[in-house]
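Enquirer: Pasting the sequence and the predicted model now:
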Amino acid sequence: MLIEFFLKLKDGGVPVSIREFLTLNEALAKRVAFGSLDDFYFLARTCLVKDEKFFDRYDRVFGAYFKGITDVEGIAAMIPEAWLKKLAERILTDEERKLVESLGGWDKLMETLKQRLAEQKGRHQGGSKWIGTAGTSPFGAYGYNPEGVRIGQEESRHRRAVKVWDKREFRNLDDTVELGTRNIKVALRRLRKFARTGAPEELDLDDTIRSTAKNAGWLDLKMVPERHNAVKVLLFLDVGGSMDDHIRVCEQLFSAARVEFKHLEYFYFHNFLYERVWKDNRRRGTERVATWDVLHTYPHDYKVILVGDATMSPYEIVYPGGSVEHTNEEAGAVWMQRLLAVYPNAIWLNPQSDAVWDYHESIRITRQLIGDRMFPLTLEGLDRGMRLLTKTH
Amino acid sequence: MNRFNGTDSYVATDDLMMAVNAAVTLERPLLIKGEPGTGKTMLAIEVAKALDRPLYEWHIKSTTKAQHGLYEYDAVSRLRDSQLGDSRVHDIRNYIVQGMLWQAFTADKPAVLLIDEVDKADIEFPNDLLRELDRMEFYVYETQELVRAKHRPLVVITSNNEKELPDAFLRRCFFHYIRFPDHETMEKIVRVHHPDIKKTLLREALEGFFEIRDVPGLKKKPSTSELLDWLKLLMAEDIPPEALHSRDAHKIVPPLHGALIKNEQDVHLFERLVFMSRRKP
């Protein structure tokens, strides 16, 4: 049974390993948690989930999996009948109780409620809000809503067990959703790699002392190459137009990127890369830099990060003169190929959700151009992108 | 006593207790994450107190190496002694300084070892401790001896999430994320620390506190430990509860807010927001 649960977790995207699963079994064998679903929930979480960003996924799998279990045993296994009755007794008037009887009594009511509960849960997980059905459904009329029911039942451990994972309090920590400057920094830090290159330049004091001492006092000087941040980055940011919606995210990326790298050069473009880019958006009309100059100035070991939503008319990419701002002699696609020829290490970060990528022809073309190295501008996407950039030199 | 149920000075939630007890029973390390000021470090101290075990604290800095926790070979002393002709110089053992791990391993009864802020160290740091934490043994090359734990200590590791920890390391740990306490738990925590606080003051202060935490765009949200400090100040100054809800335009920001908001921009932002909300009828 637990193997099934374990596999479900793996399918659900929680990174679990066999070792952790064995640990859980060992803990169960030693009776760390026993006889309570609530305890088991906590124990399994502490054993299997090693990052709070996966808590939400764990909650979802746990909820789905153990809902199945309780369904098999009947709804009575969760003792909701008792609490419902208790609540109904408290809230329902005599008149309404008669109405319950007319609906076929408690058994019928429970049956209907069970269905309704499943329905509402489905809708809830879909992300929309609980919708009160007051006035139309018998439950609405009796003031039924799951929160209300729970309030009446402080001593039931089962009630709390259900609540804990159904509340899904860790939703915001799921890294496919949230993106803040700090988070971006952590992701970018993956790219920051220190390397010792070049001639020995610094006196390694520690090593000198150590080897001198080991030599019983004969001075033995040790040198190390100077340590510096070896990662160089060119950042190209799309501004204006359809990017306005994503300005905030991009600003965050930008501010995070500025602190993370020593060699960071940034340029702006509009919609797509053409023969000119600029460094100051307010003076974009006058102070432009030829893209050729950029390609000639920075050596090929720079890594390139393009940020843009790539949402435009396909003509803007594939045809000369397709740009909305000026007449470009050569197509954007040509410039993109030139860029990639000089800097093989490039990724495209897209603030658009990857769910809609397939609906935009221009995104499809851009992805093709960049060799499928387009990532959504979420922490998870950023992380995958950075991983790719660090892999190669 | 081998179960941890919180102490009279530390409020532990059910899930936290479960994590600690799992780590105690299975003798595996426990990794604690959470917002700053939610009592990660205090946990190790309190667990040691509750289980009556000696506590060894190893605070990690950006320059800390894994080796420092095991032992250090004090080459400088040996160099000095050799210049002075000290006879101790011939025995290398005299210059081996035991680290926290060594001390915890060789303690006479099971100990609690706190590795505080593991994410401050170099990114490879956790990897260098894999075998030591797993097998609870390590080898001293200088003296060629194997140090093995007499009793496996309970290892509590805290992290502020500044760096990602390697998967191999995570697999060997139990994990717990200390969430920011809700209103109810917070009240318990305050009661534990300030048992004689006035009920009204506590209520008003907590309301104010959670209001401040809800202000969007704060650079740093106040934490539990900051709330406790603030309450201490309020009590010391004997501020009446009504002052916390002053309608006076000149005193819009709660008294002694410096204990809660630690950033100048945040203070400005907060003042602006409060001013705007109070202007509404």
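Expert: On my side now, so go ahead. Residues are numbered from 1 along each chain as shown, chains lettered A, B, ... in the order given.
Enquirer: quick one: buried residues of stretch B:255-269?
Expert: Residues of stretch B:255-269 classed as buried by neighbour count (16 or more other C-beta atoms under 10 Å in any protein chain shown): B:P255, B:L256, B:H257, B:A259, B:L260, B:I261, B:D266, B:V267, B:L269. C-beta here means a position set from N, CA and C on the backbone, and glycine is covered the same way.
Enquirer: Just the residues you listed: which are in strands?
Expert: Per DSSP state E, strands hold no members of the buried residues of stretch B:255-269.
Enquirer: Make JSON lines out of those residues and add distance to B:F175 and pLDDT.
Expert: Output for those, formatted as JSON lines (distance: C-beta to C-beta, whole Å; pLDDT from 0 to 100):
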{"residue": "B:P255", "distance to B:F175": "40", "pLDDT": "70"}
{"residue": "B:L256", "distance to B:F175": "37", "pLDDT": "71"}
{"residue": "B:H257", "distance to B:F175": "35", "pLDDT": "72"}
{"residue": "B:A259", "distance to B:F175": "31", "pLDDT": "76"}
{"residue": "B:L260", "distance to B:F175": "30", "pLDDT": "79"}
{"residue": "B:I261", "distance to B:F175": "31", "pLDDT": "79"}
{"residue": "B:D266", "distance to B:F175": "31", "pLDDT": "76"}
{"residue": "B:V267", "distance to B:F175": "36", "pLDDT": "76"}
{"residue": "B:L269", "distance to B:F175": "34", "pLDDT": "76"}
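Enquirer: for these, which one is nearest chain A?
Expert: Among the buried residues of stretch B:255-269, B:D266 lies closest to chain A (C-beta to the nearest C-beta), at 15.2 Å.
Enquirer: Up against chain A, what does chain B have?
Expert: With C-beta under 8 Å from any C-beta of the partner chain as the criterion, chain B comes near chain A at residues B:14-15, B:18-19, B:21-22, B:25-26, B:28, B:31, B:33, B:73, B:75-76, B:78-79, B:82-83, B:89, B:161-164, B:167, B:170-177, B:179.
Enquirer: Would you list the phi and psi of the residue in the stretch 151-300 of chain A positioned nearest to chain B?
Expert: Nearest residue of the stretch 151-300 of chain A to chain B: A:A213, at 3.4 Å (C-beta to the nearest C-beta). Per-residue torsions, A:A213: phi -70, psi -40 (degrees, to the nearest 10).
Enquirer: so who does it touch?
Expert: B:A75, B:V76, B:R78, B:L79, B:S82 (C-beta atoms under 8 Å, 6 or more residues apart in numbering or on different chains).
Enquirer: now swap in B:N94 and tell me
Expert: B:R78, B:R88.
Enquirer: next one: the one 10 residues further on
Expert: By C-beta under 8 Å, 6+ apart, B:A104 lies in contact with B:Y56, B:A111, B:V112, B:L113, B:A149, B:P153, B:V155.
Enquirer: Give the residue spans of the chain that score low on pLDDT.
Expert: All of this is about chain A. A:1, A:68-201, A:225-230, A:240-242, A:244, A:259-260, A:262, A:281-286, A:391-393 (pLDDT under 70).
Enquirer: switch to chain B, that's the one I care about
Expert: Looking at chain B by pLDDT under 70, you get B:1, B:244-254, B:275, B:277-281.
Enquirer: Excluding chain neighbours, what is closest to the closest residue to chain A within it?
Expert: Residue nearest to chain A within chain B: B:A75 (3.4 Å; C-beta to the nearest C-beta). Closest residue to B:A75 apart from its sequence neighbours, by C-beta to C-beta, 6 or more residues apart in numbering or on different chains: A:A213 at 3.4 Å.
Enquirer: Over to A:A216?
Expert: Counting by C-beta to C-beta, 6+ apart, the residue nearest A:A216 is B:S82, at 5.5 Å.
Enquirer: Check which element follows the one helix or strand the one you found maps to along the chain.
Expert: Assigned by DSSP states H and E, B:S82 belongs to helix B:75-84. Downstream of helix B:75-84, the first helix or strand assigned by DSSP H and E is strand B:96-98.
Enquirer: May I have the strands that pair with that following strand, each with its orientation?
Expert: Strand B:96-98 has these partner strands in its sheet, going by DSSP bridges: strand B:71-73 (antiparallel).
Enquirer: Show me what counts as buried in the strand it pairs with.
Expert: For strand B:71-73, by 16+ other C-beta under 10 Å, it's B:Y71, B:Y73.
Enquirer: Kindly report the same for stretch B:229-239.
Expert: B:D229, B:W230, B:L231, B:L233, B:L234, B:I239.
Enquirer: May I see these organised as JSON lines, with distance to B:V215 and secondary structure added?
Expert: Shown next, in JSON lines, are the buried residues of stretch B:229-239 (distance: C-beta to C-beta, whole Å; DSSP: H, G, I helix; E, B strand; the rest coil):
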{"residue": "B:D229", "distance to B:V215": "19", "secondary structure": "helix"}
{"residue": "B:W230", "distance to B:V215": "15", "secondary structure": "helix"}
{"residue": "B:L231", "distance to B:V215": "19", "secondary structure": "helix"}
{"residue": "B:L233", "distance to B:V215": "20", "secondary structure": "helix"}
{"residue": "B:L234", "distance to B:V215": "20", "secondary structure": "helix"}
{"residue": "B:I239", "distance to B:V215": "21", "secondary structure": "coil"}
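Enquirer: Just put the residues you listed in a markdown table and tack on distance to A:Y359.
Expert: Below are the buried residues of stretch B:229-239 laid out as a markdown table (distance: C-beta to C-beta, whole Å):
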| residue | distance to A:Y359 |
| --- | --- |
| B:D229 | 53 |
| B:W230 | 51 |
| B:L231 | 54 |
| B:L233 | 57 |
| B:L234 | 56 |
| B:I239 | 58 |
